[in-house]
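Peer 1: Generate coordinates for the sequence data below:
(2 chains)
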2 protein chains.
Amino acid sequence: MAATTETLTAARILEATEEVLRRHGPAKATVVDVARALGVSHGSVYRHFRTKAALREAVVKRWLDRTLEELTAITSDEGRTPETRLRDWLTRLFAAKRDKAADDPELFATYFVLAKETQAGPAVGEHIDDLTGQLTRIIEAGVESGAFAVSDPAVEARAVFQATGRFHDPDYAGEWLRPEADADFRAVLELLVRGLRSGC
Amino acid sequence: MAATTETLTAARILEATEEVLRRHGPAKATVVDVARALGVSHGSVYRHFRTKAALREAVVKRWLDRTLEELTAITSDEGRTPETRLRDWLTRLFAAKRDKAADDPELFATYFVLAKETQAGPAVGEHIDDLTGQLTRIIEAGVESGAFAVSDPAVEARAVFQATGRFHDPDYAGEWLRPEADADFRAVLELLVRGLRSGC
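Peer 2: Predicted coordinates:
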């Protein structure tokens, strides 16, 4: 089988796992299915991921991190004011989640189940820490530039993230394609930006 | 049976339905169970609620409205400034939901299932309209007093309601007893109040 002649990397296993999940759904996908898709023994898969749970955790992390790159670019873009970065970042996060949910609803549902299942593991928590960490940096930049007036950027970042939950928490995916979703998002965003801006 | 000698009112049927739901769970509770608990024929129950769906809808509405009275009192309390009313109202809403979830988790879970099931019906939507209507009145009062500077109180009310979803949407009930929940709520509340306050 051609596949066995390539080096078996963690990345290739995760790629195959996603395909298997897409085909069999989260309840039925097994490590044996993944190994079969790669044309290797399941022992080879276990050498990279010690348990089925570890494999699931890693595939969730990969899925979640797929949004991160673009957001990181916005966070670091000093060509935009901190306020613009904040708006663009939250808008991008909402759009990315909505696109994921709309473009491949079955895979999205699969990952939603997996993310709930792995809530106890570190992947989801680390992803949220990454995101709120980026928001903290943007708000700090806003405080430095004088655009925002807040005493604790990390607290505000967490508040902004939680207050926009409706627009990124997969629990709300069913609301994202409603005609009023964009106006709702904009109203929340503007209210939050005003709250950060003012020290009044 | 003593029960049959009392007049069968909609209120008594709803009371009994809640008891039946508590005992049998939402999947198993039937109109026959409700009739039996009241010592009447199921035809008598159907004279008040034409279908099982209508009965479930009504019992959900009653459950949701149980929070409303206190909130209505805060909304109308001109002894408090609009900003205080807003804080007290949101704090009360969070506390009421949290208490419901903590005091009787099984009944809460039951109503959660029912509310999801009746999402297509008017009860949940009407309840949310009531709540955002009250928020609109508080924000309008704030604009009149000069405390808030916003152009459309109804839009801001909806934004405030959605931005605080984590603290009243039953989807998040699992988060409400975490040690950080109060600080999280306070941070979101302060950010939103500042956003309403400022016209800057």
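
Peer 1: Who are the packing partners of the helix or strand harbouring A:D184?
Peer 2: For A:D184, the enclosing helix or strand under DSSP states H and E is helix A:181-197. Counting contacts by 3 or more CB pairs under 8 Å, 6 or more residues apart in numbering or on different chains; DSSP states H and E, helix A:181-197 is packed against helix A:82-103, helix A:153-163, helix B:153-163, helix B:181-197. Any C-beta I mention is one placed from the backbone N, CA and C, and that applies to glycine too.

Peer 1: middle-most residue in chain A, spatially?
Peer 2: The centroid of chain A falls nearest to A:L64 when counting by CA atoms, centre = their mean (3.3 Å).

Peer 1: that older thread, please enumerate residues in contact with the helix holding A:D184?
Peer 2: With CB atoms under 8 Å, 6 or more residues apart in numbering or on different chains as the contact definition, helix A:181-197 has outside contacts at A:83, A:86-87, A:90-91, A:94, A:98, A:139, A:142, A:147-150, A:156, A:160, A:163-164, A:166-167, A:175, B:155-156, B:158-160, B:162-163, B:190-196, B:198, B:200.

Peer 1: which of those count as buried?
Peer 2: A:83, A:86-87, A:90-91, A:94, A:98, A:139, A:142, A:147-148, A:150, A:156, A:160, A:163-164, A:166-167, B:155-156, B:158-160, B:162-163, B:190-196, B:198 (16 or more other CB atoms under 10 Å in any protein chain shown).

Peer 1: so what are the domain limits for chain A?
Peer 2: By the assignment in automatic domain parsing, chain A contains the domains A:2-50, A:63-197.

Peer 1: Could you export the ones you listed to a markdown table, including columns for mean pLDDT?
Peer 2: Rendered in a markdown table, the data for the domains of chain A read as follows (pLDDT from 0 to 100):
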| stretch | mean pLDDT |
| --- | --- |
| domain A:2-50 | 88 |
| domain A:63-197 | 93 |
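
Peer 1: Which other helices and strands does the helix of greatest length in chain A contact?
Peer 2: Longest helix in chain A, counting residues (DSSP state H): helix A:122-145. Packing partners of helix A:122-145 (3+ CB pairs under 8 Å, 6+ apart): helix A:52-65, helix A:68-75, helix A:82-103, helix A:153-163.

Peer 1: change it to 10 Å
Peer 2: helix A:52-65, helix A:68-75, helix A:82-103, helix A:105-117, helix A:153-163, helix A:181-197 (3 or more CB pairs under 10 Å, 6 or more residues apart in numbering or on different chains; DSSP states H and E).

Peer 1: The first one - contacts with which helices or strands?
Peer 2: Secondary-structure packing of helix A:52-65 (3+ CB pairs under 10 Å, 6+ apart): helix A:10-28, helix A:31-38, helix A:42-48, helix A:105-117, helix A:122-145.

Peer 1: what is the orientation angle of the last one with helix A:181-197?
Peer 2: Counting by axes from the mean of the first three to the mean of the last three CA atoms, to 10 degrees, helix A:122-145 lies at 50 degrees to helix A:181-197.

Peer 1: Could the C-alpha coordinates of helix A:122-145 be exported in PDB?
Peer 2: Taking Å, rounded to 0.1, in the frame of the first residue of the first chain, the C-alpha atoms of helix A:122-145 are listed here in PDB:
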ATOM      1  CA  PRO A 122      -6.800  20.500  28.200                       C
ATOM      2  CA  ALA A 123      -7.600  21.200  24.500                       C
ATOM      3  CA  VAL A 124     -10.700  23.300  24.900                       C
ATOM      4  CA  GLY A 125      -9.400  25.200  27.900                       C
ATOM      5  CA  GLU A 126      -6.100  25.900  26.200                       C
ATOM      6  CA  HIS A 127      -7.800  27.200  23.100                       C
ATOM      7  CA  ILE A 128     -10.000  29.600  25.200                       C
ATOM      8  CA  ASP A 129      -6.800  30.700  27.000                       C
ATOM      9  CA  ASP A 130      -5.100  31.400  23.700                       C
ATOM     10  CA  LEU A 131      -8.100  33.400  22.500                       C
ATOM     11  CA  THR A 132      -8.500  35.500  25.700                       C
ATOM     12  CA  GLY A 133      -4.700  36.000  25.700                       C
ATOM     13  CA  GLN A 134      -4.900  37.600  22.300                       C
ATOM     14  CA  LEU A 135      -7.800  39.800  23.400                       C
ATOM     15  CA  THR A 136      -5.800  40.800  26.400                       C
ATOM     16  CA  ARG A 137      -2.900  41.900  24.200                       C
ATOM     17  CA  ILE A 138      -5.200  44.000  22.000                       C
ATOM     18  CA  ILE A 139      -6.800  45.700  25.000                       C
ATOM     19  CA  GLU A 140      -3.400  46.300  26.500                       C
ATOM     20  CA  ALA A 141      -2.400  48.000  23.200                       C
ATOM     21  CA  GLY A 142      -5.500  50.100  23.400                       C
ATOM     22  CA  VAL A 143      -4.700  51.200  27.000                       C
ATOM     23  CA  GLU A 144      -1.200  52.100  25.900                       C
ATOM     24  CA  SER A 145      -2.500  54.100  22.900                       C
END
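
Peer 1: count of neighbours near A:E140?
Peer 2: 17 (other CB atoms under 10 Å in any protein chain shown).

Peer 1: That one touches A:A147, doesn't it?
Peer 2: No: applying CB atoms under 10 Å, one finds A:E140 not in contact with A:A147, separated by 11.1 Å.

Peer 1: ok, back up a step: now the helices and strands packed on helix A:181-197 in TSV, with distance to A:D184?
Peer 2: Conversion of those to TSV gives the following (distance: least, CB to CB, whole Å):
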stretch	distance to A:D184
helix A:82-103	10
helix A:153-163	12
helix B:153-163	6
helix B:181-197	15
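
Peer 1: Tell me which of those helices approaches B:R50 most closely.
Peer 2: For the helices and strands packed on helix A:181-197, the distance to B:R50 is smallest for helix B:153-163, at 32.0 Å, taking CB to CB.

Peer 1: do that closest one and chain A meet at all?
Peer 2: Yes: judged by CB under 10 Å from any CB of the partner chain, helix B:153-163 comes into contact with chain A at B:155-163.

Peer 1: just the angle between that helix and helix B:122-145, please?
Peer 2: Between the direction of helix B:153-163 and that of helix B:122-145, the angle (the same axes, to 10 degrees) works out to 120 degrees.

Peer 1: who's in contact with A:V31?
Peer 2: Remark: with contacts taken as CB atoms under 10 Å, 6 or more residues apart in numbering or on different chains, A:V31 is in contact with A:13, A:17, A:20, A:42-43, A:45-46, A:49, A:51-52, A:55-56.
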